[in-house]
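Asker: sequence plus the predicted model coming up.
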Amino acid sequence: MRRNTYKDCAHIITMSLIVGAMVQTLTEHVFTALMNQAEFALDFSGQFEQLKTGLDLTKALLADTESLNHKNNIVKAALFELREVIYKADDVLTDCLVRDEYRKDGSCSGSLFHDPFFLHRTGKKLKDINLRMKEIEQTLGKFLRAPDNIHREDAYQVRVMVSQDWNPTEIIGLDSDVEKIKGWLLDTSKVLSHVGIVGMGGLGKTTIAQKIFHDLEVVGHFHKLIWVCVSQSFSADRIMRSILEGLGENVSGAGVTQILSRIQQVLKDKSCLIVMDDVWNQTDVDWWTNLCSVIPKQSSCIIVTTRNEEAVIGFAFPTSKGLCPEDRLEKLGKELLKKCGGLPLAIKTIGSLLASKVDSPSQWRRVLESFHALTTEGKTSSVMASLRLSYDELPPGLKQCLLCFSIYPEDYEIRADQLIHWWIGEGLVQSKGSRTAVEVGYEYLAELISRCLVETVQQRGFDGRVYKCKIHDMVRELIIMIAEEEELCGFDEQGRQKLTANTRWLCFIDEMEEKSLKRSSKLRALLMMSSRRFDFERNSLRSLRMLDLSNCTVDEHCVKDLFSWISSLKRLASLNLSGIQALKEVPSSIHKLLNLQLLLLTGCSNLEKIHPSITNLKKLIILDLGGCPIQYLPQGLGRLSYLQEFSGFKVVSQPRMPCFRLLEIRELINLRILRIHVSSTTVIADNELDVLSQLRRLNVLAIDAEDCRNNNVLEMLERLTPPPSLQELYLRNYKKETLPSWVNPGQLSRLQYLCIENGDLVKLSSGQTTWNLEGLCLKYLMRLEVDWKDLEKDMPVLHYMEISHCYNLKDFPCSVMEPGVWRKN
């Protein structure tokens with residue numbers, strides 16, 4: 001048997017990681033269904049239990065990447081087969097979930113409730129899936145070995161050490177090590193020491209750290225001491241929360257930026273010792289850099305204990321400050337530069353890859369050797385080789401997210417929200433802990449950008465959130481090659497997407513044939529970028545999870561047929577119809593999309609009515625009606641308890657007919673983002689004035705007064721009670737000289753960003769209490785009078801500001817006439 005090439009091995013490992021990520025996601029979904037004892041899980045409990053067991057074993061086999069390096073095409077074929085089985089299993093699971101929703105929904109009718117054929121078909125499919133899973137496991141088992149502890153829970157644990165964790169009688173024979181480290185800690189001439197204690201399990205790493213942590217001299221030397229235990233599954237966010245908790249602060253509802261700011265405030269002018277015990281993995285070090293930046297530089301120290309030398313290199317010594325620490329690295333670096341051929345993208349990508357491996361010549365050598373194998377064996381360019389290495393280093397989930405970029409045309413500027421909505425609909429991104437799926441999606445995108453695989457086109461100045469992005473031509477060349485290898489998409493010789501029988505994701509453009517689209521039964525994501533009019537057949541493309549028809553050309557007489565087709569897509573999770581001008585009404589058939597999580601109707605300027613059956617879409621997390629002239633929304637939207645983002649709600653007068661009122665918003669307890677409009681006809685009843693304060697998870701609130709000059713309405717806004725956890729506030733077209741009384745530092749203590757646009761504001765702050773604002777945006781406030789020195793006193797932690805057409809601001813450090821931006825040095 002011939003020896004596999006580097007490219008062959010890389011492909012098999014890449015495929016195994018991607019399939020492994022799919023296995024993990026499906027396993028979680030099956031486990032959740034079994035735990036929730038859904039009706040369908042009871043119908044097929046034995047089959048789903050068997051499926052979960054098979055998935056667990058398969059996941060364990062795929063973890064044997066060392067063996068994958070040396071295996072043949074049999075493994076490759078088995079992985080392809082496994083991926084197909086997972087897609088089929090996901091379809092069956094989704095169908096069962098939808099059927100479960102139909103059972104719960106009394107307003108729906110049809111034979112689906114008591115369809116014996118459904119039970120028979122589904123049972124047969126599950127048996128077939130489990131049989132194929134068993135065959136694949138047997139094939140993989142001949143080449144791969146599962147670890148003994150496949151059922152071990154890798155639950156993340158972080159805790160602050162308490163007194164009972166320490167037993168001084170257990171310390172034997174480690175005094176010399178303790179004294180050596182104590183000497184480093186107590187040396188006041190050092191600047192922010194980082195100490196790494198590395199060794200195998202049971203060697204005494206934690207014991208040494210405990211001895212130091214409780215030493216009387218050490219306790220007397222530092223103002224603050226914090227101990228954090230870290231398990232194998234790493235989370236930077238939770239570690240920082242644990243540190244803040246160790247400082248005696250409340251962390252509920254705080255974001256990463258706010259946590260860092262509060263750590264900095266608590267530790268101001270104080271020395272501290274932080275011990276991070278039992279770190280296993282080296283991860284992205286940006287969070288570490290941010291943490292170190294807020295810790296006082298004089299007489300502070302962070303100790304890391306770990307079994308993994310790479311982890312301590314990544315955490316404790318992540319930067320060389322631009323200098324090569326030793327000759328060997330300099331030599332290896334020059335060889336890598338030579339391989340890059342002077343091309344900036346190659347240098348930038350390789351530099352990003354090596355940043356976390358500084359002080360590890362062996363790792364640099366491995367990268368150089370892999371680089372050499374890629375550039376010589378496959379005649380790959382230095383740029384492509386560097387990109388391939390960076391891709392190989394990505395976690396499996398990020399690999400899938402990056403491959404999504406392949407369907408966009410060359411040099412296309414991609415909207416970040418469109419991309420993230422696709423990731424959510426496809427199931428590539430899910431919520432994690434307190435973070436929503438959208439927040440996790442933006443974190444994934446930021447990670448891809450930090451690895452130099454995605455380029456930022458437009459971003460928010462305050463916190464860097466990406467609005468638009470694109471990929472370099474060479475990155476696109478790489479990912480379309482991988483996407484084709486993985487049979488996700490097909491491409492012609494010019495790199496343009498083409499339809500194949502196995503296409504899963506498609507960006508449809510004018511040059512493609514509509515007939516071939518109807519035959520694409522495996523399609524899961526469809527993005528329409530065609531000006532042509534379409535005739536969709538009911539029950540075609542039934543596997544779709546994401547459908548984006550935003551700004552497509554649709555005739556009025558075709559809208560009914562369009563919704564007839566859409567309503568047959570029972571598995572659909574994300575639907576974007578934004579900008580379709582022919583859309584005047586969302587019909588009753590919308591109730592059939594019980595798997596729908598995202599419904600985007602932004603900018604449908606003729607949309608005037610939504611059928612009440614929309615209240616049956618219990619899985620909705622995003623409902624966007626921004627720019628739609630809908631005056632009255634259906635009563636019962638409060639039943640959408642999973643809703644996290646709601647835009648375009650108009651607060652109107654008390655109508656005669658039943659409709660959604662402001663009072664009902666209090667039932668949307670999971671709302672994170674709310675955008676509302678008020679007008680001259682708005683009426684806010686007395687029992688509605690405190691509804692916003694009941695939205696305890698609301699982070700973003702936008703109020704648009706739409707040129708409302710009705711003093712009665714503005715007085716109603718004045719009497720509102722704000723949400724307690726608000727982090728961002730947008731106030732537009734507010735025609736009063738002063739802000740609402742609740743817009744003050746006392747009631748909005750967590751507010752990080754304030755944006756006020758187009759109003760009659762004269763005075764901004766009372767000056768009695770300082771704000772915790774980090775970002776400020778003031779636009780088209782011609783009457784506003786503020787002195788820069790006063791603003792600095794009122795907002796001491798402000799680090800970003802946008803100003804435009806505010807003519808009466810004095811001594812500001814940026815333009816106040818034309819758009820200006822200021823950033824704190």
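Answerer: On my side now, so go ahead.
Asker: quick one: the helices in the stretch 151-300 of the chain, in order.
Answerer: Secondary structure of the stretch 151-300 of the chain (DSSP state H, counting those that start in this stretch): helices located at 175-185, 205-213, 216-221, 236-246, 256-266, 286-294.
Asker: so which of the ones you listed is nearest W788?
Answerer: helix 256-266 (21.9 Å; Cβ to Cβ). To be clear about C-beta, it is placed using only N, CA and C from the backbone, and glycine gets the same treatment.
Asker: now the closest one: average pLDDT?
Answerer: The average pLDDT within helix 256-266 is 80.
Asker: which strands and helices sit next to it?
Answerer: In terms of contacts (3 or more Cβ pairs under 8 Å, 6 or more residues apart in numbering; DSSP states H and E), helix 256-266 is packed against helix 236-246, helix 286-294.
Asker: give me the buried positions along it.
Answerer: Residues of helix 256-266 classed as buried: V256, T257, Q258, I259, L260, S261, R262, I263, V266 (neighbour count, 16 or more other Cβ atoms under 10 Å).
Asker: same deal with stretch 579-598?
Answerer: Quick answer for stretch 579-598 (16+ other Cβ under 10 Å): 579-580, 582-583, 586-587, 589-598.
Asker: which of those lies closest to A483?
Answerer: For the buried residues of stretch 579-598, the nearest to A483 is L598 (23.3 Å; Cβ to Cβ).
Asker: now the closest one. Its backbone dihedrals?
Answerer: Per-residue torsions, L598: phi -130, psi 130 (degrees, to the nearest 10).
Asker: any figure for the gap between it and L549?
Answerer: Distance of L598 to L549, given as Cβ to Cβ, to the nearest Å: 13 Å.
Asker: re the thing from before, turn the helices of the stretch 151-300 of the chain into TSV, including distance to Q752.
Answerer: Output for these, formatted as TSV (distance: least, Cβ to Cβ, whole Å):
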stretch	distance to Q752
helix 175-185	35
helix 205-213	34
helix 216-221	34
helix 236-246	16
helix 256-266	6
helix 286-294	15
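Asker: show the pLDDT at R545.
Answerer: R545 is given a pLDDT of 94.
Asker: need the contact list for it.
Answerer: By Cβ atoms under 8 Å, 6 or more residues apart in numbering, the contact set of R545 is G425, E426, G427, R524, A525, R571, L572, A573, S574.
Asker: restrict those to the buried ones and give me that as a PyMOL selection.
Answerer: Provided next is the PyMOL selection string for whichever of the contacts of R545 are buried by 16+ other Cβ under 10 Å:
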select buried, resi 425+426+427+524+525+571+572+573+574
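Asker: mind checking which of the contacts of R545 land in helices?
Answerer: Counting by DSSP state H, these place G425, E426 in helices.
Asker: can you pull out the helices in the stretch 601-750 of the chain?
Answerer: 711-718.
Asker: you'd agree G626 is up against G648?
Answerer: Yes: the pair G626 / G648 is scored as a contact, 4.4 Å apart, by Cβ atoms under 8 Å.
Asker: any common contacting residues for these two?
Answerer: In contact with both G626 and G648: T602, R675, using Cβ under 8 Å, 6+ apart.
Asker: what about the two, which has more around it?
Answerer: G648 (22 against 17; other Cβ atoms under 10 Å).
Asker: tell me how far that one lies from K498.
Answerer: Taking Cβ to Cβ, one finds G648 at 38 Å from K498.
Asker: now do E513
Answerer: On the measure of Cβ to Cβ, E513 and K498 end up 10 Å apart.
Asker: the two: who's more crowded?
Answerer: Neighbour count, other Cβ under 10 Å: between E513 and K498, K498 has more, with 16 against 11.
Asker: kindly state the beta-bridge partners for that one.
Answerer: The bridge-partner assignment for K498, based on DSSP bridges, gives G490.
Asker: repeat for E757
Answerer: With DSSP bridges as the rule, E757 is bridged to R732, K779.
Asker: quick one: the closest residue to L620 other than its chain neighbours from G759, how far?
Answerer: Setting aside the residues directly before and after it, L620 is nearest to L640 in space (Cβ to Cβ, 6 or more residues apart in numbering), at 5.1 Å. Counting by Cβ to Cβ, the separation of L640 from G759 is 32 Å.
Asker: likewise for R238?
Answerer: R238 is 40 Å from G759, by Cβ to Cβ.
Asker: average pLDDT for stretch 219-227?
Answerer: pLDDT averaged over stretch 219-227 gives 85.
Asker: restricting to C-alpha, output the strand or helix carrying D561 in CSV.
Answerer: Element membership for D561 (DSSP states H and E) is helix 556-566. C-alpha atoms of helix 556-566 as CSV (Å, rounded to 0.1, in the frame of the first residue of the first chain):
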residue,chain,number,x,y,z
GLU,A,556,-47.5,40.5,-6.7
HIS,A,557,-49.4,37.6,-8.3
CYS,A,558,-46.4,35.3,-7.4
VAL,A,559,-46.4,36.1,-3.7
LYS,A,560,-49.2,33.6,-3.0
ASP,A,561,-47.4,30.8,-4.8
LEU,A,562,-44.2,31.8,-3.1
PHE,A,563,-45.7,31.3,0.3
SER,A,564,-47.4,28.1,-0.8
TRP,A,565,-43.9,26.8,-1.5
ILE,A,566,-42.3,28.3,1.6
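Asker: list the buried ones in it?
Answerer: For helix 556-566, by 16+ other Cβ under 10 Å, it's V559, D561, L562, F563, W565, I566.
Asker: can you tell me which of those residues is closest to R732?
Answerer: V559 (31.3 Å).
Asker: how about the closest one, what does it touch?
Answerer: I580, A582, L583, K584.
Asker: surely the last one meets I610?
Answerer: No: with contacts defined as Cβ under 8 Å, K584 does not count as touching I610, sitting 10.7 Å away.
Asker: I'd guessed R696 sits against P722; true?
Answerer: No: when contacts are counted by Cβ under 8 Å, R696 is not listed as touching P722 (11.5 Å).
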